[in-house]
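Sequence and predicted structure below; questions after.
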Amino acid sequence: MSAPDFKELMARETPKLLACVHCGLCLDECPTYRTSGDETNSPRGRLALWRAEWEGRLTPGPETDHYTDLCVACLACTTACPANVPYAELLTARREEQARRRGADWRIRALSPLLAAPKLFNALASPLRLIRRLGLRPHPMLPAGAPAIFESSAAYARRVEKALRPSRSRAALFEGCLMEAAFREVNAATIRVLAVNGIAVDLPERQTCCGAVAEHAGMPAEKEKLDEANREAFAASALVLTNSSGCGLSLRHALGNAQQDVVDFLGTLDLVPGAEQFPPKAWYDHPCHAFHGLGIRTAPARLLKAAGLEGRWSLAPEADRCCGGGGAYAELQPESSRAILEEKRALLGPLPQGALLITSNHVCMMQWSRIPGLQVRHAVQVLDESYRLAGYYSKI
């Protein structure tokens, strides 16, 4: 489908803008407004700019582009909005128009072909996996971890199934492009945890990137190609689990209700209990796209109980607010990203040694890893460690 010209866009999207009643409830929920104090840098301000453009009162240009770029797309405003303004749809439409007019960011254009070629991307990322495997952190946004360098998650899933023989049911796992290329240990933990609880895991070979990067950059044609590839790859899968909420939300656009967040799914099971764990302080922080996008509004209490953390964790302060990770946002808008993170970090107060921050999105993990002295883990990794301590993996 070709991108609409500006007049078509104006006719299609302006009626949606009229739903905004200018109540201002979105302001305090918006991370960029809270850190800047600039109402133009808020959902209400952006809607006003877009409406002025689409009604012909303002010429599209650098100023509106600037404020559109600064939106982290956390979707908190959609939760707060009493008028149900479809902000996410409007943002996507504005970014599509913007990319058509000036071109998508060169970094996204350069990355997109790699994301659409998982085997090549995984091969090129093998030095990064080696660096992490050796315990090195050349960049503060690399969380601690030890991914497999050569064994793919699909091959590992077959090995785990042979060793643990899960027989309760089967599910497909979306491996993710960055997750598989750089943070493969999260996929491995997901496979092990599901197997201990009787779920055998398949990873269809033809799956590809979820398309979130292309979608956020205003590249609908690229997104639709990836969606079609994933629809074909998962055509035979009634349940497709994702262990990154950003990927999950984007993949839901292609797969509908077949997609389910793995942390949400585990919360529906009578989980096998693991060994107790004793961090001095543990917080759970909601990923934005889980809370505001997928509608997962409760912390995974059952998972954390099975992980031996009952009574030893709490929600992070303002846990439903954005950490500033936002897919590629930390790279594209580093100053704003850091300001949003610092606001969140201040709410934690002094960190005891060994303090643990738990979330369920690898991009959030990367963002929180910038905080010195804070251990960061995916929720599935926390349960996985509990199972390791309990001895469930002796056969693997």
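Happy to help now that I have it.

all contacts plus neighbour counts: C-alpha atoms, from now on.
OK.

what residue ranges in the chain score low on pLDDT?
Confidence mapping of the chain against pLDDT under 70 gives the ranges 1-11, 13.

Give me the longest strand you can find in it.
strand 169-174 (DSSP state E).

List of residues touching the following helix or strand past that strand?
Under the assignment DSSP states H and E, the closest C-terminal helix or strand after strand 169-174 is helix 177-182. Residues outside helix 177-182 that contact it (CA atoms under 8 Å, 6 or more residues apart in numbering): 115, 118, 121-123, 125-126, 128-129, 147, 152-153, 186-187, 208-210, 362.

what about the residue nearest the centre of the chain, distance to Gly325?
In the chain, the centroid-proximal residue (CA atoms, centre = their mean) is Gly246; its distance is 2.7 Å. Separation of Gly246 from Gly325 (CA to CA, to the nearest Å): 11 Å.

what does Phe183 give?
As judged by CA to CA, Phe183 and Gly325 stand 16 Å apart.

got it, and Leu25?
23 Å.

cool, and Leu130?
24 Å.

Same check on Arg133?
Arg133 is 23 Å from Gly325, by CA to CA.

And Phe183 and Gly325? Which one has more around it.
Each of Phe183 and Gly325 has its neighbours counted (other CA atoms under 10 Å); Gly325 has more, 27 against 23.

so that one touches Gln367, yeah?
Yes. Applying CA atoms under 8 Å as the test, Gly325 and Gln367 come out as touching, 5.3 Å apart.

picking that back up, so among the contacts of helix 177-182, which ones count as buried?
115, 118, 121-122, 125-126, 128-129, 147, 152-153, 186-187, 208-210, 362 (16 or more other CA atoms under 10 Å).

List the ones among these that fall in helices.
If you go by DSSP state H, those have 115, 118, 121-122, 126, 128-129, 153, 186-187, 362 in helices.

tell me the two of these that are most distant?
Pairwise distances across those (CA to CA) peak at 18.6 Å, for the pair Leu115 and Val186.

what comes up buried for stretch 34-43?
34-35, 39-43.

How about stretch 342-357?
Quick answer for stretch 342-357 (16+ other CA under 10 Å): 342-345, 355-357.

need the contact list for Arg159.
Here Arg159 is in contact with Ile396 (criterion: CA under 8 Å, 6+ apart).

what is the orientation angle of the helix or strand where it lies with strand 169-174?
Assigned by DSSP H and E, Arg159 belongs to helix 153-164. Using axes from the mean of the first three to the mean of the last three CA atoms, to 10 degrees, the inter-axis angle of helix 153-164 relative to strand 169-174 is 160 degrees.

And helix 153-164, how far out from the chain middle?
25 Å (CA atoms, centre = their mean, to the nearest Å).

what do you get for stretch 80-93?
Here stretch 80-93 is found 19 Å from its chain centre; the criterion is CA atoms, centre = their mean.

pull the CA atoms of it into CSV?
Only the C-alpha atoms of stretch 80-93 are listed here, as CSV (Å, rounded to 0.1, in the frame of the first residue of the first chain):
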residue,chain,number,x,y,z
ALA,A,80,-5.0,8.6,30.9
CYS,A,81,-7.2,10.0,28.1
PRO,A,82,-10.9,10.1,29.0
ALA,A,83,-11.8,10.9,25.4
ASN,A,84,-10.0,7.8,24.0
VAL,A,85,-8.0,9.9,21.5
PRO,A,86,-6.2,7.3,19.3
TYR,A,87,-2.8,8.9,20.0
ALA,A,88,-0.8,5.9,18.9
GLU,A,89,-2.5,5.9,15.5
LEU,A,90,-2.0,9.6,15.0
LEU,A,91,1.6,9.4,16.0
THR,A,92,2.2,6.6,13.5
ALA,A,93,0.4,8.6,10.8
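
which parts of that stretch are buried?
Across stretch 80-93, burial judged by 16+ other CA under 10 Å covers 80-81, 85-87, 90-93.

from these, which is closest to Lys162?
The closest of the buried residues of stretch 80-93 to Lys162 turns out to be Thr92 (CA to CA; 44.0 Å).

if you skip the residues just before and after it, what's nearest to the closest one?
With sequence-adjacent residues excluded and distances taken as CA to CA, 6 or more residues apart in numbering, Thr92 is closest to Gly218, at 6.4 Å.

for Asn243, same thing?
In space, Asn243 is closest to Val262, 5.5 Å off (CA to CA, 6+ apart).

distance of the one you found from Gly295?
For Val262, the distance to Gly295 equals 14 Å [CA to CA].

quick one, which of the two is more surrounded?
More crowded of Val262 and Gly295, by other CA under 10 Å: Val262, with 21 against 12.

pretty sure that one contacts Cys247?
No. With contacts counted by CA under 8 Å, Val262 stays clear of Cys247, the gap being 11.7 Å.

Am I right that His139 sits in a strand?
No. Looking at His139 with DSSP: H, G, I helix; E, B strand; the rest coil, it is coil, so not inside a strand.
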